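K.L.:
Kindly generate the corresponding structure for this input.
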Amino acid sequence: MEQPEVKILDEKEEKARKKKEKEKEKKKEKAKKDKEKEKEAGKDGKKKNKQAELIKELLRRKQEQEEEEKRAREEEERRLAELERQKEEQEKLAQQRKEEAKRRKEELIQKQKREGTFLTKKQKQAAAKARQLLESQGHVVPELNRDDEEKPKKPIFARKRGAKKTSEVVEDVKQQQSVPEEEKVVEEKNEEKEDLGDEEEVVDDWETIVDSGREINIPDKLKIIKEELIPKLSTKTQPNNIPSTTFELNRNLDEESSDSSSDDDESYASESSIPTISKETREELVAKIRLRFAERSKLAKEKKTADILRSPIICIRRTNVQEGEAGGITQQIGATRVPDLAIKERCKMLKNFSGDSMKIPGFLIIDTPGHESFANMRSRGSSLCDFAILVVDIMHGLEQQTIESLKLLIKRKTPFVVALNKVDRLYKYESNPRKDIWQHMNTQPTNTQLEFRERFNKLVGEFSEQGINIELANKNTNFDEYISVVPTSAFLGDGIGNLMAHIVDQCQNRYLEKLAFSEELDCIVMEVRSLPGLGTTIDVILINGTLRINDIIVLTGSDGPIVTPIRDLLMPQPLKEIRVKADYEHYKEINGAQGIKILAKNLEKVIAGLPLFVAHREDELEVLRMDAEDQLKNALMAIKKKPEGVYVQASTLGSLEALLEFLRAQKIPYSNVNIGPVHKRDVQKAAAMLEHNSEFACILAFDVPVDREVQLLADKEGVRIFQANIIYHLEESFLNYRKELALKRRKENEHLAIFPYKLRVLPQHIFNARNPIVCGVSVDAGQLKKGTPVTAKTKEGPVFLGTISSIEKNHEQVDMAKAGDEVCIKIENTTGDAPKLYGRHFTHEDILI
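P.N.:
Okay, the predicted model is just below:
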């Protein structure tokens, strides 16, 4: 600011200055007002922007809401369209099922008319009244009993309902089983009066369905139950657990009162349930069932414990059972049960054996063939064994079949003990079967002990040649490096107690985990045989698991899988062989390991040597059928066949493999193989070899029957059937047949064969000089046979004389003369020219060739 100088400036200047100051102040006020106006204008703009943004947000939300409603409407339309499509599909399936039921009804009626079992409606009503009358009188009618037992199953709806606990299911079954008989009769009458089109009734029999002519709309019911109950299942247990529990409970209840017709219905229901109830594909259902098998197997392994042991399966080569076999040769595999009481009784004289510490319930001894040609059967038997007894004759040492068994045990890594048999044949040996064999050997005469030591040392060398170290069991401290040897006498019983005690000790101390009992079924069919009064039965070896009466078993048959319920379980008395005819004991339930004889229907075509399966649930039958069929296919496809060869037929898979092994050793080719009896189709297949090689147009039938009609067809077709129960007799018959064919062909082509020779005429023995020429000759070289042409080697050249028609030696007709023989020959003229004359065309100086 300017500093006012009031004293110097005059008044004008003062006024001008004041005026300027006022103008400056006015400018400042105006600038201030302009700033304030700008601020107010800025505030108003912000308010306007906020309102625009709010409007935009409202519009966006409204648009989103409209889009959401549009999307919901479209989803609803799609859902309704899907429901409509499903409804149309269900109606189409219902129509197809109706047509299928109608067709089945017609086929069933035609079948019943052919079999003579067709009943009219009036006859069925009379039968129903008769059943009701019997039921009211307290009698148990199989069909009614079947229906009552089948009703608690209902596997269709059990999957969709909430999972009950096992105790609750048991209570429900008990309540249903405890209905008084009078109420059952009333319910049966009420059900007959009800309309036959009731959809809530569950029918097991197709015959009942087709007779009533109704439809079962199972998919509609499943849809309703699914919409209502699926949310509940998400918080509960899986639905698969319920059918399993229900089926197992019903199976246990049915054990005492089962009917064969219900078993047939169950097997049929298992087939029809896959396409009707489940919407899953076949592959998904099979994968689901196999996953269930794997889980069941895993659970069984987790439950295995060393506290519960099964009987060890012991493989032994030679027993007295072979006396009952064809030719005294053990050609099949049998089983003998030795209980724990018998073991304790036989081992009670041993100091180091305590019966109280014995954990195993006994032995199951398998007798396997010991001859060379039964390697495959020994292999099949040895694969079942937990422990083996290798019987060696102390007088002969290691024989060929013993070496084969030894190699087989080493190959399969099967633990074994050597039973040094026939010690009673040692010089001056004194028997005492009730004494410890080690103490008893020390009390023998000195010569006997020396002979035993000498023969044992020789046996040590023979085992060493096979790469095995052996040592006496009482001196063996290293069981991993040395195989124990126990001297025995099977004829007198010496050392048997020591042998049993050694096996018990080894099984309980070294192989405890291997002998732990498992709930997983492991069962092999060993033999199929027919017994008087019992019909066709099968002998099986139950290694692990449990078999019960009324179990549904699946077996491999020659015409396809066989599904049948177990009617009865038989076992021979202890210490009796399962193949020897004896009284059998009946059981309702048997745990492994045992040799069991099973009674059931349709066992005639079962193939031995393959596993047996048990269906725990109905939907498992189809998968087990596939497994059983694959077992036979894999076994037969594994056999390498030739384009030309004989047709081989055997009773079991093991016998077939043994016979083929023998044929390979004899270099006999085989073009086709089969298991079971010889049928007409087998003869036709073998007859195809007549076009290629008639020598192989034959059938080798080992231990199988041949019907008379089949034999007549074979004679008509020119097929030779060789039938024998002993493999060596079969081989001998075929080799003799080949020799006969060779001789026959030789005789047929005898005139074509020319054998070289060199003859010298004996001039003093000229009996006829012309047609025929009869003279004596000396064979200088080669061999002379009938039918051989004769040529004289003269100076002018060779002269063809004819053909030798007969040879005579010492006034006897012979067919052949060798070098050095002097014989008389007759030469017939077969040249077509004029007969030759001795002395003119040739002389004794000319050589005949």
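K.L.:
Please tell me how far Thr564 sits from Asp551.
P.N.:
Using Cβ to Cβ, to the nearest Å, Thr564 is found at 10 Å from Asp551. No exception for glycine: its C-beta is placed from N, CA and C like everyone else's.
K.L.:
Sketch out the low-pLDDT regions of the stretch 101-250 of the chain for me.
P.N.:
134-250 (pLDDT under 70).
K.L.:
Okay, now stretch 828-841: how far is its last residue from its first?
P.N.:
Chord length of stretch 828-841, first to last residue, is 15 Å (Cα to Cα, to the nearest Å).
K.L.:
domain assignment for this structure?
P.N.:
Following automatic domain parsing, one gets these domains for the chain: 121-279, 313-510, 522-634, 639-748, 752-848.
K.L.:
Turn those into CSV, including distance to Ala31 and mean neighbour count.
P.N.:
Formatted as CSV, these follow (distance: least, Cβ to Cβ, whole Å; neighbours: other Cβ atoms under 10 Å):
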stretch, distance to Ala31, mean neighbour count
domain 121-279, 77, 14
domain 313-510, 112, 18
domain 522-634, 98, 19
domain 639-748, 116, 17
domain 752-848, 148, 15
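K.L.:
would you list those in JSON lines and tack on distance to Arg103?
P.N.:
What follows is the domains of the chain, written out as JSON lines (distance: least, Cβ to Cβ, whole Å):
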{"stretch": "domain 121-279", "distance to Arg103": "9"}
{"stretch": "domain 313-510", "distance to Arg103": "46"}
{"stretch": "domain 522-634", "distance to Arg103": "22"}
{"stretch": "domain 639-748", "distance to Arg103": "31"}
{"stretch": "domain 752-848", "distance to Arg103": "68"}
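K.L.:
Secondary structure element holding the closest residue to Glu731 other than its chain neighbours?
P.N.:
Nearest residue to Glu731, sequence neighbours excluded (Cβ to Cβ, 6 or more residues apart in numbering): Phe662, at 6.2 Å. Phe662 is located in helix 653-665, with elements delineated by DSSP states H and E.
K.L.:
I'd like the average pLDDT over that helix.
P.N.:
Helix 653-665 comes out with an average pLDDT of 79.
K.L.:
Test for you: state the pLDDT assigned to the closest residue to Thr488 other than its chain neighbours.
P.N.:
Among residues not flanking Thr488 along the chain, Gly495 sits closest, at 3.6 Å (Cβ to Cβ, 6+ apart). Model confidence at Gly495, given as pLDDT, is 90.
K.L.:
what about the longest helix along the chain, distance to the chain center?
P.N.:
Using DSSP state H, we find that the single longest helix of the chain is helix 11-115. Distance of helix 11-115 from its chain centroid, counting by Cα atoms, centre = their mean, to the nearest Å, is 67 Å.
K.L.:
Use 40 as the first number from now on
P.N.:
With 40 as the first residue, the last one maps to helix 50-154.
K.L.:
what packs against that helix?
P.N.:
On a contact count with 3 or more Cβ pairs under 8 Å, 6 or more residues apart in numbering; DSSP states H and E, helix 50-154 meets helix 245-251, helix 257-272.
K.L.:
What score does Val813 have for pLDDT?
P.N.:
pLDDT, Val813: 92.
K.L.:
Looks to me like it is in a strand.
P.N.:
Yes. Assessed by DSSP: H, G, I helix; E, B strand; the rest coil, Val813 belongs to a strand.
K.L.:
ok, now which ones touch it?
P.N.:
Taking Cβ atoms under 8 Å, 6 or more residues apart in numbering, we find Val813 in contact with Ile805, Phe806, Asn807, Cys863, Ile864, Lys865, Ile866.
K.L.:
Equivalent analysis for Ser817, please.
P.N.:
When contacts are counted by Cβ under 8 Å, 6+ apart, Ser817 touches Leu798, Arg799, Leu801, Asp860, Glu861.
K.L.:
can you put those in CSV and add pLDDT, distance to Pro828 and secondary structure?
P.N.:
Converted to CSV, the contacts of Ser817 look like this (pLDDT from 0 to 100; distance: Cβ to Cβ, whole Å; DSSP: H, G, I helix; E, B strand; the rest coil):
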residue, pLDDT, distance to Pro828, secondary structure
Leu798, 90, 12, strand
Arg799, 90, 18, strand
Leu801, 90, 20, strand
Asp860, 89, 19, coil
Glu861, 90, 21, strand
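K.L.:
Between those, which sits nearest Phe392?
P.N.:
Asp860 (77.4 Å; Cβ to Cβ).
K.L.:
ok, the closest one to Glu77 distance?
P.N.:
Computed as Cβ to Cβ, the Asp860 to Glu77 distance reads 156 Å.
K.L.:
Next up, the contacts around Leu642.
P.N.:
Counting by Cβ under 8 Å, 6+ apart, Leu642 has contacts Val567, Gly574, Thr575, Thr576, Ile577, Leu594, Ile601, Thr603.
K.L.:
ok, the first one touching Ile577?
P.N.:
Translated: Val567. Yes. Contact status for Val567 versus Ile577: in contact at 5.2 Å, counting by Cβ atoms under 8 Å.
K.L.:
tell me, what's touching those two both at once?
P.N.:
With Cβ under 8 Å, 6+ apart, Val567 and Ile577 have common neighbours Leu642, Val645, Ala647.
K.L.:
What is the burial count for Lys71?
P.N.:
10 (other Cβ atoms under 10 Å).
K.L.:
confidence score at it?
P.N.:
At Lys71, pLDDT is 82.
K.L.:
Relative to Glu77, how far out is it?
P.N.:
11 Å.
K.L.:
returning to what we had before: tell me the spacing between the residue nearest to Glu770 and Tyr767.
P.N.:
From Phe701 to Tyr767 the distance is 9 Å (Cβ to Cβ).
K.L.:
can you check Lys755 too?
P.N.:
30 Å.
K.L.:
where are the low-confidence patches of the chain?
P.N.:
Applying pLDDT under 70 to the chain flags the ranges 40-49, 79-87, 173-319, 356-373, 407-423, 614-621, 789-790.
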